[in-house]
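**Q** Based on what follows, work out the 3D shape:
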Amino acid sequence: MKHPLPLPLFLVFCLFQFGFAHSATPSTEKKEKTTVAKVATVKKNVANIAPTITATGNQAYCLLSNINIVTNISITDPDDTSTEAIYIQISSGYSLGQDVLFLNNALAHPTIKSSWNANEGKLTLNSPTGVAVSYTDFVNAIKDVQFNNSSTTATGSRSFSISIGQANYLPRNGHYYEYVPTIGISWTSAKAAAELRTYYGLKGYLATLTAADEAQLAGKQAPGAGWIGGSDADTEGVWKWVTGPEAGTIFWNGNTNGSTPNFAFWNNNEPNQLGDEDYAHITAPGVGIAGSWNDLSLSGDVSGNYQPKGYIVEYGGMPGDPILQLSASTSIIIPSILSTTPATKCDPGILTLQATASIGTINWYDQNSGGNLVGSGSSFTTPFLSATTTYYVSTTSGGCTTNRTAVVATINLIPTITSTNTPVTHCGPAVVTLTATPSSGTINWYADATSTTKLGTGTTYVTAFLNTNTTFYAEAVNATCTNGTRVPVEVKIYPLPAVTDEEKIICQSNPVTLEAGLTGMSYLWSTGATTATIQVNNTGNFYVELTSPAPENCTSRKNFTVIQQIVPEIKTVTVKETTVTIEVTNTAPYFEYSLDNISYQSSNLFTDVPAGIQTAYVRDTSFCNSDQEQFIVIDPPKFFTPNNDGFNDAWYVKDFETFPEARITIFDQYGKLLIELSPSKLSWDGSFNLKPLPSSDYWYILKLDDSGVEKRGHFSLKR
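**A** Residues are numbered from 1 along each chain as shown. This next block holds a predicted model:
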C-alpha cells in the first residue's frame, strides 16, 4: 500500500541528506526507500508517492507554424524533486512524416537533451549525462516543446500526452500502453507475464484495442510487434477479447471475409486460420498495413516476420486501480472547413448555404480573396439571386484563418422548349431521329403525356423501329427544374408505292412494253422517260421510280429484266406405234407442244396418236417463236423371218392398206431397189426375182400420199 500522507519534512530532509530519495520508476508500482540513517533508533520503509502532472494548452493550430504544446504545466511530487525522463507523445491523430515535436531554444535548457522517435511519434526529454533532472528544469523545457506539421493541407486534431513514465498514454480513456520485448514468447506466457506487471499501482493485462486511436497508439506507434489479448480458441471464428476489463467482448466473426460488431484492425487477408491460428498479434513492421493484426498459433513461427517478438501491456480500467495523474494532455485543432452544403433553386430567389468547421468562427465572403464579408455562422442566407453565384467560406480561430472554400448558390432557370422537328415524316417503316431545343438544360423524352418512365434524355432521341404513325413527348428540364409541360412530337410513316420487280421477254424484231403498274404517280424511267409505260427494243435491265403525290412524296423503284428466250427448233419426231415424242434441239422450261396447233401442253410426249400424216408443233410461252414438222404415224416392223414357220414370214406394215395412195420402196444396203409395196401389194417375202435374199439390213421409204411427207427407216431380214 502507498503511504496515505506526505512524509514529515524532517524525514524527507534526512532521506535526501543520506541520498536515498529517488525519482519515479515508470515500470514499477512503488520504490522502496530504505532509510540507512536511524531517526530515534527506528528503521522504517517509506512508500514512494506517485507524482501529479497537470497541463493546459488546448489551442488552434495555424498551418505550417510552430506552436508550443502547453500554455502552462506543473509537476508536484510530495517525496521527490526530480526524475530521469519525461515522455511527450502525439497520442492521437499522428501523421508520420508530417508531424514533429521538438525542443525549441534548446540552449536555454543545458540540463536536458531531446530525442525524437518518428515511428512512435514520441519526444523524450532526459539528462545528457544520465542523472536525474529536477522537475523545475523539466517544466521549463516542456514549456518550450513545440509542434510542427509540414503539410499545407493538414486537417484534424492532435492530442499530446506528457508522461513521467515511459508507457504511452491515451488521454481519451486514461490508459497506458507498454511494449515488452521478449523474443519467442508464447501467447499464454505473454498473457501471464502481462498480468504480473503493474504501473504505479495499475494492473497490467494483454492490450485490448477497441478503437482506432488505441490501435494507432499501441500498434502502429509501438516500437515492435507482439501479442494482444484477442483469441478465438474457445469457438473457431468467434474472436473475443479475453483479457482486461473487455474480457468476453466479441470483436470479429469469421475469417478473412468476416465482419466486426464494433472495431477490428486486421491486416489484409487476415485472419486466415492458416493452420491452427487462434491468437491475435500485431503484424511485424513492413508486412502489410502498419500496426494491423494477424492471427498466429500459440507459439508463432520460430523465426521471421511471424515469430513473436514481445507483447503489449495495457494499464487502466481494472477494478481497484488507483486514480493517477502521471500524465497530462493537451491538444490542438487545425481550423478547417469540414463540410459545405450548396443550395439550388428553380428560378430566381433566396437560398441558404451551410458549412461546418472543426473550430472557430465561420465567415462568408463574396470573393475568393479580399471582397466583402457578407455573413457569419454555420448558415448564410443569400440576397435575392437571379443567376448562379459562388460564395466563399472560411473559419478563424486563435489567429488562424483557413483558405476560403467555394460554396455555390445555383439558380436553374425553369426551361421551355423553343423548337422541335415535328412532324417527322418517313417513307416506309424506319428508325427516326426526333429533336427538341430547350431554352436551357436538356430534354427528357416520354411515350405519352403522363408517363413517369423516360425513354431517353438529350436534345435528340432515336426511336425504335416504327411501322405506324406515333406521337412522342418532349419535356425541358434544367437540373431538377421543369415547367411540367410536355410538347408532342409526331412521327408520320407514309406508305411506299407497292411495286414488284418483273422479268419481260422480248421477241425477235418486236419491241416489248414495260408498264409501271400504278396510276396517279410521277414516273422517271432509267431511259429518262416520264410516262407510265415505255417500249424497249433490246434486252437488258431497266427501272422506273414511282413517286407518290405530296405530302408523302415517297418513291419506290421497280426493276425490269428484259430477256430473249431460246428459239424452239424441232430436232426429230419419234413414233413408236401410237406414241409420239417431239424432240427439240435445245430444251427450255418455257416450251410447250401440240399436234393440232390448238391444244398445247408442257410435255413433249403424246399417246394414242392416230395413224396418218401428222404435224408436230412447238412454241415458247411468250408466243415469240415456234417450229413445226410433219411426220407419219405408222410403225413398220423392225424385222421379219421368212422361214415358213407361220410367224413373221412376211414384212407387213400395219394400217398401210388404209391409205390408197401409199407407197413403200425397199432397198438393199447398196441402194438397189428390190420391191415397191402398195395397197395392192401389202407385203414382201424377202426374195428378189423369186430368189431368197440373205439375212441383212434393208431400207425403206414410206409415203402415204403425194404431199412429199415420207418416213425412212430400216429393218432386218433374219433366216
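**Q** Go ahead and confirm Thr585 touches Lys571.
**A** Yes. The pair Thr585 / Lys571 is scored as a contact, 4.7 Å apart, by CB atoms under 8 Å. Backbone N, C-alpha and C define where each C-beta goes, glycine included.
**Q** Let's check: the centremost residue of this protein is which one?
**A** When CA atoms, centre = their mean is applied to the chain, the residue found nearest the centroid is Gly456 (20.5 Å).
**Q** Let me see the contact set for the nearest residue to that one once chain neighbours are set aside.
**A** Nearest non-adjacent residue to Gly456, counting by CB to CB, 6 or more residues apart in numbering: Trp445, 4.7 Å away. Counting by CB atoms under 8 Å, 6 or more residues apart in numbering, Trp445 makes contact with 434, 454-457, 461, 472-475.
**Q** from those residues, which would you call buried?
**A** Among those, those classed as buried by neighbour count (16 or more other CB atoms under 10 Å) are 434, 455, 461, 472-475.
**Q** What is the nearest of those to Ile75?
**A** Relative to Ile75, the closest of these is Glu475; by CB to CB it sits at 74.4 Å.
**Q** can you pull up the bridge partners for the closest one?
**A** Asn444, Arg486 (DSSP bridges).
**Q** show me what contacts it?
**A** Glu475 neighbours (CB under 8 Å, 6+ apart): 417, 443-446, 482, 484-487.
**Q** same deal with Thr208?
**A** Going by CB under 8 Å, 6+ apart, Thr208 touches 228-230, 241, 243-247, 249, 314.
**Q** which regions of the protein sit below the pLDDT cut-off?
**A** Scanning the chain for pLDDT under 70 picks out 1-48.
**Q** how about the helices in it?
**A** With DSSP state H as the criterion, the chain has helices at 9-17, 135-142, 187-196, 212-215.
**Q** Asp705 contacts Gln630, doesn't it?
**A** No. The criterion here is CB under 8 Å, and Asp705 misses it with Gln630 at 11.1 Å.
**Q** Can you check which residues contact both of these two?
**A** Common neighbours of Asp705 and Gln630 (CB under 8 Å, 6+ apart) are Ile613.
**Q** ok, the residue nearest to Thr435 when sequence neighbours are not counted to Tyr461 distance?
**A** If the residues on either side of it in the chain are set aside, Thr435 comes closest to Asn421, at 4.6 Å by CB to CB, 6+ apart. Between Asn421 and Tyr461 the computed distance is 11 Å (CB to CB, to the nearest Å).
**Q** Show me whatever sits in contact with both of those two.
**A** In contact with both Asn421 and Tyr461: 434-435, using CB under 8 Å, 6+ apart.
**Q** Count the neighbours of Ala436 for me.
**A** Counted by other CB atoms under 10 Å, the residues lying close to Ala436 total 25.
**Q** out of the contacts of Trp445, which are inside strands?
**A** Secondary structure assignment by DSSP state E places 434, 456-457, 461, 472-475 of the contacts of Trp445 in strands.
**Q** Asn294: which of the residues you listed is nearest?
**A** Nearest to Asn294 among the ones in strands among the contacts of Trp445, with distances taken as CB to CB, is Thr457, at 50.1 Å.
**Q** Hmm, that closest one is touching Gly441, no?
**A** No. Contact between Thr457 and Gly441 fails when scored by CB under 8 Å: they sit 10.2 Å apart.
**Q** got any residues that touch both of those two?
**A** With CB under 8 Å, 6+ apart, Thr457 and Gly441 have no common neighbours.
**Q** Report the separation between Gly121 and Leu101.
**A** From Gly121 over to Leu101 (counting by CB to CB), the distance is 8 Å.
**Q** who's more crowded, the two?
**A** Gly121 (26 against 22).
**Q** Contact partners for that one?
**A** By CB under 8 Å, 6+ apart, the contact list for Gly121 reads 89-91, 94, 96, 99, 101, 221.
**Q** Derive a ChimeraX selection command for the buried subset of these.
**A** To isolate the buried subset of the contacts of Gly121 in ChimeraX, counting by 16+ other CB under 10 Å, use the following:
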select :89,90,91,94,99,101,221
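**Q** Let's see which of the contacts of Gly121 end up in strands.
**A** Among the contacts of Gly121, DSSP E puts 89-91, 99, 101 in strands.
**Q** Spatially nearest residue to Lys113 (excluding sequence neighbours)?
**A** Pro128 (4.2 Å).
**Q** so how far is Asn469 from the residue nearest to Gly456?
**A** Separation of Trp445 from Asn469 (CB to CB) stands at 17 Å.
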